[in-house]
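Asks: below are the sequence and a predicted model; questions follow.
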Amino acid sequence: MPTAVAGPEIERLIQLLARLPGLGPRSARRAALALIKKREQLMAPLSAALQIAMERSSICRVCGNIDTSDPCTVCTDERRDPSVIVVVEDVADLWALERAQVVNARYHVLGGILSPLDGVGPDDLSIDALVKRAHAPEVKEVILALNATVDGQTTAHYITDLIGHANVKVTRLAYGVPVGGELDYLDEGTLAAAIRSRTPL
Ligand code: ZN
């Protein structure tokens, strides 16, 4: 039987850290140890940041992003192009696109994708709000930045049908060869999609 190396308070800290995505029990132990060793430089500011995030973070009523202001920083940024809405499944996708700094547009977070097997229907997602936003006069393009899975594509088709009446261009991400990728290493599905969505040089 393993013996506890620390008291229940420290064990609880480790158990909570281990529930974070990407951290297993071993890395949670390392993280807890790092926090305790760097009490002033790391633990105190982290604790303060967690407190502020807990008190002030909320879901943006316009786009579904998570921020400490509502509407969020993205929605209130006047330098962004209001004519383009990028539709994503989850806040994590929005943040990933923002990290890549590839679009200077507004977003719309669906909060999931249609999945009949999991019982996720249109009413469970922020689709009505998207349709309303797509009809706003300033909106010219809706980019569907959804996963290249069956459910992702079903959702893309469903949304395309719904906003077909709005006067907007509906586009989706290209599929294919990753930047720096070698053809030899790609799976058949990716290769087939790359051939289908080939572009003129
Ligand atoms: Zn927002």
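Replies: Happy to help now that I have it. Numbering: from 1, shown residues only.
Asks: can you show me the helices along this protein?
Replies: Remark: helices assigned in the chain by DSSP state H are 8-18, 25-37, 44-56, 73-76, 91-100, 127-134, 150-162, 188-196.
Asks: can I get those helices in CSV with distance to the ion?
Replies: C-betas here are computed from N, CA, C, even on glycine. Compiled in CSV, the helices of the chain are given as follows (distance: least, CB to the ion, whole Å):
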stretch, distance to the ion
helix 8-18, 29
helix 25-37, 31
helix 44-56, 15
helix 73-76, 3
helix 91-100, 9
helix 127-134, 11
helix 150-162, 18
helix 188-196, 31
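Asks: any chance of JSON lines for these, columns distance to Val177 and mean neighbour count?
Replies: Output for the helices of the chain, formatted as JSON lines (distance: least, CB to CB, whole Å; neighbours: other CB atoms under 10 Å):
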{"stretch": "helix 8-18", "distance to Val177": "37", "mean neighbour count": "14"}
{"stretch": "helix 25-37", "distance to Val177": "33", "mean neighbour count": "14"}
{"stretch": "helix 44-56", "distance to Val177": "39", "mean neighbour count": "10"}
{"stretch": "helix 73-76", "distance to Val177": "30", "mean neighbour count": "15"}
{"stretch": "helix 91-100", "distance to Val177": "17", "mean neighbour count": "15"}
{"stretch": "helix 127-134", "distance to Val177": "30", "mean neighbour count": "17"}
{"stretch": "helix 150-162", "distance to Val177": "19", "mean neighbour count": "17"}
{"stretch": "helix 188-196", "distance to Val177": "5", "mean neighbour count": "13"}
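Asks: pick out the shakiest of the ones you listed, pLDDT-wise.
Replies: Lowest mean pLDDT within the helices of the chain: helix 188-196, at a mean of 86.
Asks: make TSV out of the helices of the chain and add distance to Cys63.
Replies: Formatted as TSV, these follow (distance: least, CB to CB, whole Å):
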stretch	distance to Cys63
helix 8-18	30
helix 25-37	32
helix 44-56	18
helix 73-76	5
helix 91-100	8
helix 127-134	8
helix 150-162	15
helix 188-196	28
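Asks: closest to Gly119 out of those helices?
Replies: Gly119 sits nearest to helix 150-162 of all those, at 12.3 Å, using CB to CB.
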